[in-house]
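Trainee: Make a model of this:
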Amino acid sequence: MRLLLLLLLAAPAFAATRPAYVLRIEGADAFVDLGRADAAEQGERLRVYRVVEVRHPTTGKMIRDRFLLGEVEVLEAGETLSRIAPPDELLARLEVGDEVEPVNPLLPREAPTAPPPGSAQQGPGASTPSTGGPSDAERTALRTTWNAALKLPPAERARVWEQFLSNWPQSDLSGPIRAEIALLRAAPPDAAKGTTRTAAAPVLKVNAPTVALTHEPIVLTLTSLAGPAPRAAMVHWRERGSPTFRTVHMSPEPTGHFRATLPEGAAVEPALEYYVEAVDPQGATLAAAGDAKKPKHIDIRRSPRDERIEYRNRSRVRVSNEYVDFNRFKGNDAYNLFEADFLFRVYTAVHAVRVGFGNYRGTGTPRDQLDSGLPGQPVGFTYGFSELELRLHPSLAVLLNVSAGVTRDGIKGGFDLGLRIGSETGTSLLIRGATIANIGQRGSLALAWDAVKGWPMSAEVVVTNEPIGEDLGVRLIYTVGRSVTPWLDLTGRVSYQLRDINHSGLGFGLGTTFHW
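Mentor: Prediction:
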């Protein structure tokens, strides 16, 4: 009852307590509206929570709850704002509007204002209340002392409140506080032991597979074996090699159980890493399995079904034709390229082998003679080629291409070297450089993506001196494909190229691909 009376008398102090929020995120720093006026200081630890508000579909009532994201440290405390430094895994999930609160509120740092000269001095034992009401500093000190003493044994709580009275001897609450101190001093010695037992951390067990197959659901469960059940739990996971963790909140089930299913596509070779955290009834974060520095792992293996699908899709035939013009369809700086090839995926260190043939026909003119009306120089190259793709890593491959054929001057050859970063059939960056006998050289940078299912696309920049190896030109190319059937794709290509501001043109191309 004494403690309840103290809470009622201290209501003005707790009324000053307000929620604090993340106001701004700048690079690796963030700013919150807690400052020295709120008893925040450098080095203080803060908890960050994600607030969720939803409307119940049946009752129509608004439901509000919050979930712990992690802890941060105050780097610099201003008068009303503080700068914090979230860890990388928390920074990736942090949002403006997330709530923050101190982990271990500090004891008051402000001393009471000295009485004016000539006024009567009150000793520590004085209990005469002041007449002006508690100041903001006293309210902050009272709130901080309350939080600091909340979980302590009776004897230690008494010492904390005695420290408050020594700092604030003129407090309006000095009488109830002294009565509370007397009750705490009279508490039996084993009362502290009971406090320790009720504050014991729960005993948690996490169940997760050690091996999983690609594309299958991965389910993790958390069970409370002893102690108070957690009020929330979360799984932080990432693909092995990824710099950041992603978070999935576990769903509560009866009798202290929690369950979470990782998102579709999380099971990616060779493994995924994870750790599990729980939040106890008092709001403290507990490590249930692993941590960010030493996470647990699940080995990921390819399922037999995926092996069959992959090995069925090993062969490809592609036919394409492209017309490229550099001088507004005047016919003196243009070429046409036809190619057909067959590719077979070996799935070893040599990932794929490609062979084919092509026919290159064009007309070229030096740039300073393009407007002279002189006939252009015809060029041609009918050739065969072979290419090896060496897979150094699932996301890194080297392509080696050698060609040989007949030109107007006899038998000639060419060489093409490429580096692909990313997936062969998904998002990738392809860098290539080539030299073609009697034709010229080219360098290209192509970005391919498959963001729209069934519509693969790519954008490419080419620098080349084709078709006669004279003046450099730049090509901008956009390609879009369409999967017509599981074994047939069609592609269309449009390009714009120029030698200079006065000599430019368009290009068009079509292609088809059969794969099985």
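Trainee: Could you point out which residue ranges in the protein have low pLDDT?
Mentor: For the chain, the stretches flagged by pLDDT under 70 are 1-18, 39, 104-136, 151, 187-201, 255-256, 303-312.
Trainee: those helices in the protein, which residues are they?
Mentor: Applying DSSP state H to the chain gives helices spanning 2-9, 11-15, 88-91, 136-149, 154-167, 174-186, 190-198, 304-312.
Trainee: in the sheet, who's paired with residue 204?
Mentor: Taking DSSP bridges as the rule, residue 204 bridges to residue 224.
Trainee: Residue 432 pairs with what?
Mentor: residue 418, residue 444.
Trainee: Same check on residue 503?
Mentor: On the basis of DSSP bridges, residue 503 is bridged to residue 500.
Trainee: Which residues are in contact with it?
Mentor: By Cβ atoms under 8 Å, 6 or more residues apart in numbering, the residues touching residue 503 are 326, 327, 328, 333, 367, 370. Using the backbone N, CA and C atoms, a C-beta is placed for each residue, glycine as well.
Trainee: Just the closest of these to residue 53, please.
Mentor: Comparing those against residue 53 with Cβ to Cβ places residue 326 closest, at 60.3 Å.
Trainee: Now for that closest one, how many residues are close by?
Mentor: Other residues within reach of residue 326, judged by other Cβ atoms under 10 Å, total 31.
Trainee: and the gap between it and residue 38?
Mentor: Residue 326 is 68 Å from residue 38, where distance means Cβ to Cβ, to the nearest Å.
Trainee: again, but for residue 244
Mentor: With distances taken as Cβ to Cβ, residue 244 is found 31 Å from residue 38.
Trainee: same deal with residue 90?
Mentor: For residue 90, the distance to residue 38 equals 21 Å [Cβ to Cβ].
Trainee: can you check residue 242 too?
Mentor: 37 Å.
Trainee: neighbour count winner among these two?
Mentor: Neighbour comparison, residue 242 and residue 38: the larger count goes to residue 38, with 24 against 12 (by other Cβ under 10 Å).
Trainee: ok, back up a step: can you redo the contacts of residue 503 as CSV with distance to residue 452?
Mentor: Below are the contacts of residue 503 laid out as CSV (distance: Cβ to Cβ, whole Å):
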residue, distance to residue 452
326, 32
327, 35
328, 33
333, 35
367, 39
370, 40
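Trainee: Out of the residues you listed, which is nearest to residue 354?
Mentor: For the contacts of residue 503, the nearest to residue 354 is residue 326 (28.4 Å; Cβ to Cβ).
Trainee: Got the phi and psi for that closest one?
Mentor: phi -110, psi 0 (degrees, to the nearest 10).
Trainee: quick one: contacts for it?
Mentor: Per Cβ under 8 Å, 6+ apart, neighbours of residue 326: 333, 334, 473, 497, 498, 499, 503, 504, 505.
Trainee: what separates it from residue 495, distance-wise?
Mentor: Going from residue 326 to residue 495 by Cβ to Cβ gives 11 Å.
Trainee: Then residue 440?
Mentor: Residue 440 is 17 Å from residue 495, by Cβ to Cβ.
Trainee: With residue 482 instead?
Mentor: Counting by Cβ to Cβ, the gap from residue 482 to residue 495 is 19 Å.
Trainee: again, but for residue 215
Mentor: Counting by Cβ to Cβ - residue 215 and residue 495 are separated by 37 Å.
Trainee: Of the two, give the one with the bigger neighbour count.
Mentor: residue 495 (20 against 15).
Trainee: Please name the nearest non-neighbouring residue to that one.
Mentor: Sequence neighbours aside, residue 507 is the residue nearest to residue 495 in space, at 3.7 Å (criterion: Cβ to Cβ, 6 or more residues apart in numbering).
Trainee: Wait, the one you found touches residue 323, no?
Mentor: Yes - using Cβ atoms under 8 Å, residue 507 is in contact with residue 323, at 6.1 Å.
Trainee: ok, the two, which is more surrounded?
Mentor: residue 507 (21 against 18).
Trainee: mind listing what the more buried one touches?
Mentor: For residue 507, the contacting residues are 322, 323, 324, 325, 475, 477, 493, 494, 495, 496, 497, by Cβ under 8 Å, 6+ apart.
Trainee: can you pull the contacts of residue 162?
Mentor: residue 181.
Trainee: so how far is residue 179 from it?
Mentor: 13 Å.
Trainee: From the centroid of this structure, which residue is nearest?
Mentor: residue 92 (5.1 Å; Cα atoms, centre = their mean).
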